[in-house]
Structure formats: structure tokens, C-alpha cells
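Student: Give me coordinates for this.
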Amino acid sequence: MIPYFLLYIALLSFITLVVYGIDKARARRGLWRISERTLLTLSLLGGAVGGLIAMQLFRHKTRHWYFYAVNIFALMLHAGAAYLLHLAAS
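Tutor: Numbering: from 1, shown residues only. Below you'll find the predicted structure:
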């Protein structure tokens, strides 16, 4: 079970990183943006690692404290879930 969960986290983190990058590119061009709700939802659903990496890599949403808060909370939540899955498998 744990390998599937980690694969899910990795895949969603990659997708989240790409979506943050797309939003940053759109912001630079003055185009229609991806909503903050969508970005944060992706992080909560499993993409927190990708969200945190994207924030630093693209310097995107770094002025919004709640992006750090949600991503760090989600990261702790996902780490806790992985730990519980590991315990259940033992």
C-alpha cells in the first residue's frame, strides 16, 4: 500500500509543480491566471512537496503566508499518512 501512496504523492507533486509554473508564466504575460484555490487544493490533495519546491523554484506565491502554511500543513499531513500506512503494513 505504501508504494502506491508514495507514487500518488510523487505524481501529484509533479503535477502541482507544473501547474504553479504555468501560473507563474501566465502572471508574467498578464494572461488569465489559475485560481489560488486550485493551487492550494492541489497541494492539499498530495502535491505539497511540489508546491513548496515550485514556490522557491519559480519565486511564486512567496509573499502569501497562507501558501506556506497550507503547504507545510499538507506536507505534515501526508507524512503522517505515510507513517500510518507503514505501521499498518508492518
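Student: can you count the residues close to D23?
Tutor: Neighbourhood size, D23 [other CB atoms under 10 Å]: 21. Quick note: C-beta positions are derived from backbone N, CA and C, even for glycine.
Student: List the residues that contact it.
Tutor: Applying CB atoms under 8 Å, 6 or more residues apart in numbering, we find D23 in contact with 33-34, 39, 60.
Student: Restricted to helices, list those.
Tutor: Using DSSP state H, the subset of the contacts of D23 located in helices is L39.
Student: For the chain, which segments count as helices?
Tutor: 2-29, 36-42, 48-57, 65-89.
Student: how close does L42 sit to Y83?
Tutor: Distance, L42 to Y83, using CB to CB, to the nearest Å: 22 Å.
Student: Those two: who's more crowded?
Tutor: Taking other CB under 10 Å, L42 and Y83 do not tie; L42 has more neighbours (23 against 11).
Student: I'd say the more buried one and V19 touch.
Tutor: Yes: L42 is in contact with V19 according to CB atoms under 8 Å; the separation is 6.1 Å.
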